[in-house]
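Peer 1: With the input below, show me the fold.
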Amino acid sequence: MRLPYLCLPLTICLMLTSCQSSAVETSSISMEEVSSSTSIEDSAFASQPASELPEDLDPIQAGSIDGQTYQNEVLGFSYTFPEGWHLFDADQALEIQLEKAQAAYGTTEELEQSIELGSLGYLLYVEAPVLQTENATTSDLTTSSSSEDAAEEMEDGQNSPANILVQIAPAVALQDMTPSTYLEELAHQTQETYENLGGWMEPSSVESYTVDGNEVAFLQSQITLEVSSDGVTLEDTTIYQGYSIFLAEDHLVISLLLAQNETSFTEGMEVLHNLSFF
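Peer 2: Reported below is the predicted structural model:
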């Protein structure tokens with residue numbers, strides 16, 4: 001069974017571009033391969049346009065950032081992030097993902113189509129403090145006031161060791177599944193995607209917790225991809241990936257974590273667990 005869900009493998013590939021140094025190219029990923037694995041043609045809601053809600057009822061626009069806390073009044077949940085992590089609101093998150101798609105693949109068509117059809121929506125994008133480079137140190141870190149500033153930071157070679165993308169899909173994506181069984185199937189499909197791209201993924205078992213009366217499913221995985229730092233030599237590189245999935249009102253909230261190292265990954269998973277409902 002193929003899940004009618006947001007174009008997740010494309011999202012993962014876009015997130016990988018921000019986790020990898022600008023000097024490192026993921027050699028085995030092509031737009032044609034990604035596109036074939038991210039089709040939403042089978043989606044039960046693919047033919048339905050996104051509903052136009054008043055701004056105060058739109059779950060995407062209902063999110064707010066106060067310091068290190070993101071809160072969504074319509075969906076009724078909040079995340080709190082460590083000091084130094086950079087939070088980008090829904091509009092900034094969308095702009096950043098579109099810029100990544102354009103830079104990586106030369107087109108934003110598939111991403112824009114998913115958004116227009118209502119099968120995908122971005123709530124929040126978050127980056128861990130960037131690594132020190134010759135061009136940037138931790139003293140240079142300030143919260144960007146716009147997605148344009150964020151893009152400039154990435155172009156300047158400031159490479160975040162971890163990032164989290166929080167997105168939503170219609171609850172119909174679950175069909176008759178629970179968040180846990182959905183995540184198991186999602187992990188299986190993602191594993192197939194990486195194998196098709198020449199890599200492999202080692203997922204953990206899905207763990208499910210009840211948080212404030214809501215089921216939240218978590219999964220951790222290690223992904224190995226062949227990359228090239230010089231455009232010639234291929235080397236295996238490990239990326240750490242985590243998921244959390246839960247239902248909020250009529251939406252499925254999916255948070256994706258990607259990290260370059262175990263320390264950043266552990267911190268990121270702690271963030272995903274630092275979830276509350278109201």
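Peer 1: Find the helix or strand that Ser255 is a member of.
Peer 2: Secondary-structure element containing Ser255, defined by DSSP states H and E: strand 251-259.
Peer 1: Give the partner strands of that strand in its sheet and their orientations.
Peer 2: When pairing is defined by DSSP bridges, strand 251-259 lines up against strand 162-170 (antiparallel), strand 235-248 (antiparallel).
Peer 1: Turn these into TSV, including mean neighbour count and distance to Gly106.
Peer 2: (Each C-beta comes from the backbone N, C-alpha and C, glycine too.) Formatted as TSV, the entries for those read as follows, by neighbours: other CB atoms under 10 Å; distance: least, CB to CB, whole Å:
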stretch	mean neighbour count	distance to Gly106
strand 162-170	24	21
strand 235-248	20	23
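Peer 1: of these, which approaches Glu127 most closely?
Peer 2: Among the strands paired with strand 251-259, the nearest to Glu127 by CB to CB is strand 162-170 (4.8 Å).
Peer 1: List the residues that contact the closest residue to Asn261 other than its chain neighbours.
Peer 2: Ranked by CB to CB, 6 or more residues apart in numbering and with sequence neighbours excluded, the top spatial neighbour of Asn261 is Pro161, at 6.1 Å. With CB atoms under 8 Å, 6 or more residues apart in numbering as the criterion, the residues that contact Pro161 are Cys19, Ala128, Pro129, Val130, Leu131, Ala259, Gln260, Asn261, Thr263, Ser264.
Peer 1: returning to that earlier point: next helix or strand past the strand holding Ser255?
Peer 2: Scanning forward in sequence from strand 251-259, with DSSP H and E defining helices and strands, the next element found is helix 262-273.
Peer 1: What does the nearest residue to Leu225 once chain neighbours are set aside show for phi and psi?
Peer 2: Nearest non-adjacent residue to Leu225, counting by CB to CB, 6+ apart: Gly199, 4.1 Å away. Backbone dihedrals for Gly199, given as degrees, to the nearest 10, come out at phi -120, psi -170.
Peer 1: what about Gly199, how many neighbours?
Peer 2: Residues within reach of Gly199, counting by other CB atoms under 10 Å, total 21.
Peer 1: What average pLDDT does stretch 174-181 get?
Peer 2: If you average the pLDDT over stretch 174-181, you get 91.
Peer 1: tell me how far the ends of it are from each other?
Peer 2: 9 Å (CA to CA, to the nearest Å).
Peer 1: about what we covered before: now do the strand holding Ser255, average pLDDT.
Peer 2: Strand 251-259 shows a mean pLDDT of 95.
Peer 1: Any chance you could give me that strand in CSV, C-alpha atoms only?
Peer 2: Provided in CSV are the C-alpha atoms of strand 251-259 (Å, rounded to 0.1, in the frame of the first residue of the first chain):
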residue,chain,number,x,y,z
HIS,A,251,-4.4,17.4,10.5
LEU,A,252,-1.5,15.1,10.7
VAL,A,253,1.6,16.8,12.0
ILE,A,254,4.9,15.4,10.8
SER,A,255,8.2,16.7,12.2
LEU,A,256,11.4,15.6,10.4
LEU,A,257,14.8,15.9,12.0
LEU,A,258,18.1,15.6,10.1
ALA,A,259,21.5,15.8,11.8
